[in-house]
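>>> any chance you could fold what I've pasted below:
(chains A and B)
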Protein chains: 2
Amino acid sequence: MGLLVLGTVALDDVKTPSGVKKAMLGGSAAHFTMSARLFDDVHLVGVVGKDFPKVHLNFLKSKGANLASLTIAEGQTFRWTGEYKKDDLNSAITHATKLGVLANYVPELTESQKKMTHVFLANLAPDAQGRLLSLIKSPELVGLDTMNLWINTAMKDLRRLIKRADIFVLNDGESKLLTGEQNIVKAAQAIRAMGPKVVVIKKGEHGVYVLGAKFEFGFPAYPVDRVVDPTGAGDTFAGGMFGYLSKVRKMDEKSFRRAVLYGTVLASFNVQGFGMGRTAPLSMREVEVRLKEFQKFAGLIS
Amino acid sequence: MGLLVLGTVALDDVKTPSGVKKAMLGGSAAHFTMSARLFDDVHLVGVVGKDFPKVHLNFLKSKGANLASLTIAEGQTFRWTGEYKKDDLNSAITHATKLGVLANYVPELTESQKKMTHVFLANLAPDAQGRLLSLIKSPELVGLDTMNLWINTAMKDLRRLIKRADIFVLNDGESKLLTGEQNIVKAAQAIRAMGPKVVVIKKGEHGVYVLGAKFEFGFPAYPVDRVVDPTGAGDTFAGGMFGYLSKVRKMDEKSFRRAVLYGTVLASFNVQGFGMGRTAPLSMREVEVRLKEFQKFAGLIS
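Numbering: from 1, shown residues only, chains lettered A, B, ... in the order given. Here you go, the predicted structure:
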């Protein structure tokens, strides 16, 4: 059946206490893909520049990504340069953002992709997210992610999108910024009232809080004693969660809990390596092993 | 069988976004008692001044607390004046601390109390905590709590105590300050190496992380959508946890998980009212109802 993900495909320059890496494959859609591919066919929708290394294109294809709607445009690939300091590995310090080809990007889909029903709008300008959604003939499950920047600068577009989302995934800081509520339970209630069926609040090392119409649940994070690079953890989480939901085509509590478990486990791998160093080589078997470990840790009913 | 708890008994002046309260009964040992009394007989060890209202003494007695070693000394009761702001209900801002009779307090026990085996050293100067521990003839289960102040000013005494503790309970900020580690899994490992069998790191609204020799686990917090007053939440947590362990006289993983569940649930009641407004009237039945709700929320094996 497959799923569509729209978002950034980037070259990341990252510095963390574990080291420095230049021009790594990154971006919200790329990290999402590396995780969701374990569950369903992923059609990656985005844009890169002519400078985008062929080796990255081949790598994405080798991981099963359908790149029919990955536009290769004149100009430079989106580039993010950021740093994480030892005393707060949860917060990225952005040194530079070069939009490049992202600046004028308008997403397109093939005719067959327009008939797909499961779409995740990973972090990108709400305007572009909205345009993509308009191309989909009969959306059945729409996931949405965003960031502080769009809450601060594109609230009107974002509010319209939130109304159309089935699942809205955001982090705790974003949920507070969006609602003005300091309590995340209250924030999630306020966001639910904006339209989404389910609100998923990611809390990084503190786990996740989920509020739906008929369920409410929370998990701690998998305990990681050495975070190498948290870049893309949220996208990796969303990829595991949404990938699983797309595979099973169900939205009941049991399925949703399982989906969030996969997201949790995949995010834990993500932070243990630079870029996709740990998620790219992952097999479902390794994921299941850690899922069992996590269930034991959290005392969960399997 | 019963347990001993040493700590502060205070009069608290507290301001939170929900209101202002003056001279409430508070303090680490008092909050601990209000929670632990649901599981075992609690012998409260501490000091108050001649100004301490009789109504509070009668209240503590009515809740089953043994006050044989609650000294009533010449002078003023320990008084804490603090505030929580809307944007960070996790962090208390201390406006004033008047030690009063605490300044010269040396804990004492009755002969029969010296034969007790289960003792919790709630937040107090490490020197006083050490003196109390020395009075116990055959300690079997020693719990310890502390605060930033003692990590900064009494590290030598504290390190000696940590070595003698079976269970060391502290919050995430304290665990980082004590070890210099920013990652709480690493911090817990470092603290375990200082001696305690089990390290319990409280993360407030983010739940709890527990590391023992043979087990490691974590729970989210019970979702509370309106925090009225978080004062004493950590002590209430410790009282539930240690009270249960004292009652069952076991330290295996299953018992410890259950103990931490009780702590989690009791702390959630604590923050929903000023002072002991919610914990004082609690029956075990109400606790069990919320425990079941929490198990459902967190997807736990019951």
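
>>> what about residue A:85, distance to residue A:93?
Counting by C-beta to C-beta, to the nearest Å, the gap from residue A:85 to residue A:93 is 7 Å. Any C-beta I mention is one placed from the backbone N, CA and C, and that applies to glycine too.

>>> need the three-state assignment for residue A:255.
Under DSSP: H, G, I helix; E, B strand; the rest coil, the three-state class of residue A:255 is helix.

>>> residue A:278 now?
Reducing the assignment at residue A:278 to three states with three-state DSSP gives coil.

>>> repeat that for the one 4 residues further on.
Assigned state for residue A:282: coil (three-state reduction, three-state DSSP).

>>> so the closest residue to it other than its chain neighbours, which of the three states?
Closest residue in space to residue A:282, ignoring its immediate chain neighbours: residue A:269 at 6.0 Å, by C-beta to C-beta, 6 or more residues apart in numbering or on different chains. Going by three-state DSSP, the secondary structure assigned to residue A:269 is helix.

>>> so what's the residue count around residue A:269?
Other residues within reach of residue A:269 by the criterion other C-beta atoms under 10 Å in any protein chain shown amount to 25.

>>> before we move on, what about residue A:226?
In terms of burial, residue A:226 registers 12 neighbours under the definition other C-beta under 10 Å.

>>> mind telling me what element it is part of?
Secondary structure from DSSP states H and E places residue A:226 outside every helix and strand.

>>> would you map the strands across the stretch 151-300 of chain A?
Assignment of strands within the stretch 151-300 of chain A using DSSP state E, counting those that start in this stretch yields the ranges A:167-171, A:198-202, A:208-211, A:216-219.

>>> what about the spatially most central residue of chain A, distance to residue A:27?
When chain A is reduced to its mean C-alpha position, the nearest residue by C-alpha atoms, centre = their mean turns out to be residue A:235, at 2.3 Å. Distance of residue A:235 to residue A:27, computed by C-beta to C-beta: 8 Å.

>>> who touches both of these two?
Common contacts of residue A:235 and residue A:27 (C-beta atoms under 8 Å, 6 or more residues apart in numbering or on different chains): residue A:7.

>>> identify the residue nearest residue A:221 in space, chain neighbours excluded?
Counting by C-beta to C-beta, 6+ apart, the nearest residue to residue A:221 once its immediate chain neighbours are dropped is residue A:207, at 4.5 Å.

>>> for that neighbour, the count of nearby residues, please.
25.

>>> which ones are touching the closest residue in space to residue A:211 that isn't next to it in sequence?
What sits nearest to residue A:211 in space, not counting adjacent residues and going by C-beta to C-beta, 6+ apart, is residue A:188, at 4.1 Å. With contacts taken as C-beta under 8 Å, 6+ apart, residue A:188 has the following neighbours: A:175, A:199, A:201, A:209, A:211.

>>> nearest to chain B among those?
Comparing the contacts of residue A:188 against chain B with C-beta to the nearest C-beta places residue A:209 closest, at 6.9 Å.

>>> quick one: the contacts of residue A:188 as a markdown table, columns for neighbour count, pLDDT and distance to residue B:115 too.
As requested, the contacts of residue A:188 are exported to a markdown table (neighbours: other C-beta atoms under 10 Å in any protein chain shown; pLDDT from 0 to 100; distance: C-beta to C-beta, whole Å):
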| residue | neighbour count | pLDDT | distance to residue B:115 |
| --- | --- | --- | --- |
| A:175 | 26 | 97 | 53 |
| A:199 | 27 | 98 | 54 |
| A:201 | 24 | 98 | 50 |
| A:209 | 27 | 98 | 46 |
| A:211 | 22 | 98 | 51 |
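
>>> roughly how far does residue A:245 sit from chain B?
Here the distance between residue A:245 and chain B works out to 17 Å (C-beta to the nearest C-beta, to the nearest Å).

>>> which helix or strand contains residue A:33?
When secondary structure is defined using DSSP H and E, the element that contains residue A:33 is helix A:28-36.

>>> which helices and strands does that helix pack with?
If contacts are counted by 3 or more C-beta pairs under 8 Å, 6 or more residues apart in numbering or on different chains; DSSP states H and E, helix A:28-36 sits against strand A:3-6, strand A:42-49, helix A:233-248, helix A:253-270.

>>> pLDDT at whatever residue of the stretch 1-150 of chain A ends up closest to chain B, what is it?
Of all residues in the stretch 1-150 of chain A, residue A:87 sits closest to chain B, with a separation of 5.5 Å (C-beta to the nearest C-beta). Listed pLDDT for residue A:87 reads 85.

>>> rewinding a little: surely the residue nearest to residue A:282 touches residue A:280?
No. Applying C-beta atoms under 8 Å as the test, residue A:269 and residue A:280 come out as separate, 9.8 Å apart.

>>> and the nearest residue to residue A:172 once chain neighbours are set aside, how far from residue A:40?
Using C-beta to C-beta, 6+ apart and skipping residues adjacent in sequence, the residue nearest residue A:172 is residue A:203, 4.9 Å away. The spacing between residue A:203 and residue A:40, counted by C-beta to C-beta, is 26 Å.
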